[in-house]
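Asker: I'd like to go over a predicted model; first the sequence, then the structure.
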Amino acid sequence: MSYKFKTRKGQSYSIEMIFFVTISLIVIYSLFSIFTTLMKLNANEDKYYIKTWSSSDILVRTRGFSPDWEEDGNLVVLGIANGRNVIDPLKLHSLSNLTDAEISSLMHLDIYNVSIEVLINGNIYFQKGNAITNGTINQIERICVFANGTPCMLRIRYSLG
Amino acid sequence: MRSKINRIKAKGFISILDAIFGLMALLLFSTIIFSYFQNLPSLYDIFIYKQGYDVLTVLEYTNFSNPTLVFQQSSNNICMRLEIYNGVAGTLLSTYYKSGCDPSNINEKIAWRTFIDGNQFKTAKLAIWRK
């Protein structure tokens, strides 16, 4: 009689353990799902910011390719500097000859409207592009300098059309 | 018989306590793990450093002659403090602040750059943070 009673207790503990393990797995899975969903949302928001930042790196730190694209017209990679953060005025003004679509494409931001601005003391010195003003505009601002030592700011704005 | 029932009830109670402790331990460990992931360097940290190195590059190009003017060109939502030291973090020679900003911030990030000014070896320490 007492043997049967003990067997039943053992069975109830096993059921309890299985129940607890199941609940634990559900809780862990739920927490992990919430966490990964939040991470994915963040990653999607960050994706174009990172992409634009990377494009701005190429723009503000390199001469582009070909290195003398403003003279030979062979433009594959868009760069407007002749040193790290040093803006080349000739390359900057050659940017005016590109279409807005070409600029977006060269910066690998095809689905966005992109505009490039250079400001000196807060005043717009150069502007090219078509980032609209009635939607959400994201922007990246990079400090730069002209060869004569005048500090400036490169602002890249991008928005969905 | 009554004492047997009491024993069973007591065991049930202990089992529930075990389950509660188990759940609490689970929640505790989950919180620790998730907070560890959240404390990994954020995008904000990475780009604030990049902004800092940009500023130091421009300051270096202008030979640290007018840091205030360079600060004015930087993004409005960025604050900075520049300290110039003699040698490698020797005597503090001068400090510059961006106008409209507090002198320091608990979340400030630090970037260093060494440079030559005339015949002197100097170090620049740039503290940068978001407003």
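Answerer: Thanks, I have it. Residues are numbered from 1 along each chain as shown, chains lettered A, B, ... in the order given.
Asker: And chain B, what are its domain boundaries?
Answerer: B:1-40, B:43-130 (automatic domain parsing).
Asker: Of all the ones you listed, which one is nearest A:Ile23?
Answerer: Closest approach to A:Ile23 among the domains of chain B (C-beta to C-beta): domain B:1-40, 7.6 Å. (Glycine included, C-beta is placed from N, CA and C.)
Asker: Give the rounded mean pLDDT of the closest one.
Answerer: The pLDDT scores in domain B:1-40 average 69.
Asker: Any chance of the domains of chain B in CSV with mean neighbour count and distance to A:Asn130 as columns?
Answerer: Output for the domains of chain B, formatted as CSV (neighbours: other C-beta atoms under 10 Å in any protein chain shown; distance: least, C-beta to C-beta, whole Å):
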stretch, mean neighbour count, distance to A:Asn130
domain B:1-40, 11, 37
domain B:43-130, 16, 22
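Asker: For the longest strand along chain B, name the packing helices and strands.
Answerer: Counting residues, the longest strand found in chain B (DSSP state E) is strand B:120-130. Judged by 3 or more C-beta pairs under 8 Å, 6 or more residues apart in numbering or on different chains; DSSP states H and E, strand B:120-130 is in contact with helix B:43-61, strand B:78-86, strand B:109-117.
Asker: Sheet partners, orientation included, of that strand?
Answerer: strand B:78-86 (antiparallel), strand B:109-117 (antiparallel) (DSSP bridges).
Asker: Let's have the helices and strands packed on strand B:120-130 in a markdown table, adding mean pLDDT.
Answerer: Output for the helices and strands packed on strand B:120-130, formatted as a markdown table (pLDDT from 0 to 100):
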| stretch | mean pLDDT |
| --- | --- |
| helix B:43-61 | 89 |
| strand B:78-86 | 94 |
| strand B:109-117 | 92 |
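Asker: still on that earlier bit, save the domains of chain B as a markdown table, and put in distance to A:Lys47 too.
Answerer: Shown next, in a markdown table, are these (distance: least, C-beta to C-beta, whole Å):
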| stretch | distance to A:Lys47 |
| --- | --- |
| domain B:1-40 | 17 |
| domain B:43-130 | 11 |
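Asker: Between the ones you listed, which one is closest to A:Thr52.
Answerer: Closest among the domains of chain B, using C-beta to C-beta: domain B:43-130, at 11.0 Å.
Asker: Distance from that closest one to the middle of the chain?
Answerer: 16 Å (C-alpha atoms, centre = their mean, to the nearest Å).
Asker: now the end-to-end length of that domain.
Answerer: For domain B:43-130, the first-to-last residue distance is 13 Å (C-alpha to C-alpha, to the nearest Å).
Asker: can you check stretch B:112-129 too?
Answerer: End-to-end for stretch B:112-129, by C-alpha to C-alpha: 15 Å.
Asker: Up against chain B, what does chain A have?
Answerer: A:9, A:13, A:16, A:20, A:23-24, A:27-28, A:31, A:35, A:46, A:49-50, A:53, A:60, A:83-86, A:119-122, A:141-145, A:149, A:151-153 (C-beta under 8 Å from any C-beta of the partner chain).
Asker: Which among the residues you listed count as buried?
Answerer: A:20, A:31, A:53, A:60, A:84-86, A:119-120, A:141-145, A:151-153 (16 or more other C-beta atoms under 10 Å in any protein chain shown).
Asker: Is A:Met153 in a helix, a strand, or coil?
Answerer: Recorded secondary structure, A:Met153: strand (DSSP: H, G, I helix; E, B strand; the rest coil).
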